[in-house]
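Visitor: sequence first, then the predicted structure:
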Amino acid sequence: QVQLVESGGGLVQAGGSLRLSCAASVRTFSNYDMGWFRQAPGKEREFVAAITTSGRRTYHSDFVKGRFTISRDNAKKTVYLQMNSLKPEDTAVYYCAADYSSNYYYAPREGAEYDYWGQGTQVTVSS
């Protein structure tokens with residue numbers, strides 16, 4: 001069983017930055033691909049970013065490329081999402097997710113492939 005706890009959300013003005021953290025309670029964090037997803041009110045959950053077990057490969061959705069960066073620290077069992085140049089349309093609840101890796105070179109980008117989810121953290125960007 002994997003427990004995930006997100007933190008770092010809040011209210012920020014457009015153009016500002018936030019760093020989300022997701023701490024995992026699991027023995028072998030380095031066996032899990034990690035992802036960030038978000039869901040805005042009235043919208044479906046969407047993929048934001050993912051990272052492989054080693055951290056060597058990362059994936060970012062087109063709408064955050066160049067602004068958001070996913071990273072991980074396996075020693076701290078934590079995955080991060082650095083969010084810069086925030087826009088009002090980034091307002092959403094952000095969730096981290098974990099998937100027991102079956103491929104060293106790939107991290108999933110579909111929510112259905114993730115087995116464990118955090119409770120979410122609210123990010124609100126004012127204009």
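Guide: Cool, the structure landed.
Visitor: for my notes, confirm S102 occurs in a strand.
Guide: No: counting by DSSP: H, G, I helix; E, B strand; the rest coil, S102 falls outside a strand, being coil.
Visitor: I'd like the distance between it and E6.
Guide: 24 Å (Cβ to Cβ, to the nearest Å). Every C-beta, even on glycine, is put in place using the N, C-alpha and C of the backbone.
Visitor: higher neighbour count, the two?
Guide: E6 (22 against 9; other Cβ atoms under 10 Å).
Visitor: now the more buried one, nearest residue through space, not along the chain?
Guide: With Cβ to Cβ, 6 or more residues apart in numbering as the criterion, E6 has its nearest non-adjacent residue at 4.1 Å, and that residue is T121.
Visitor: any low-confidence regions in this protein?
Guide: Judged against pLDDT under 70, the chain has no low-scoring part.
Visitor: mind listing the strands for it?
Guide: For the chain, the strands defined by DSSP state E occupy 3-7, 10-13, 18-25, 32-39, 46-51, 58-60, 68-73, 78-83, 92-100, 116-117, 121-126.
Visitor: redo the ones you listed as CSV? Include distance to E110.
Guide: As requested, the strands of the chain are arranged in CSV below (distance: least, Cβ to Cβ, whole Å):
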stretch, distance to E110
strand 3-7, 18
strand 10-13, 28
strand 18-25, 18
strand 32-39, 9
strand 46-51, 7
strand 58-60, 11
strand 68-73, 16
strand 78-83, 17
strand 92-100, 10
strand 116-117, 13
strand 121-126, 21
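Visitor: many thanks, we can stop here.
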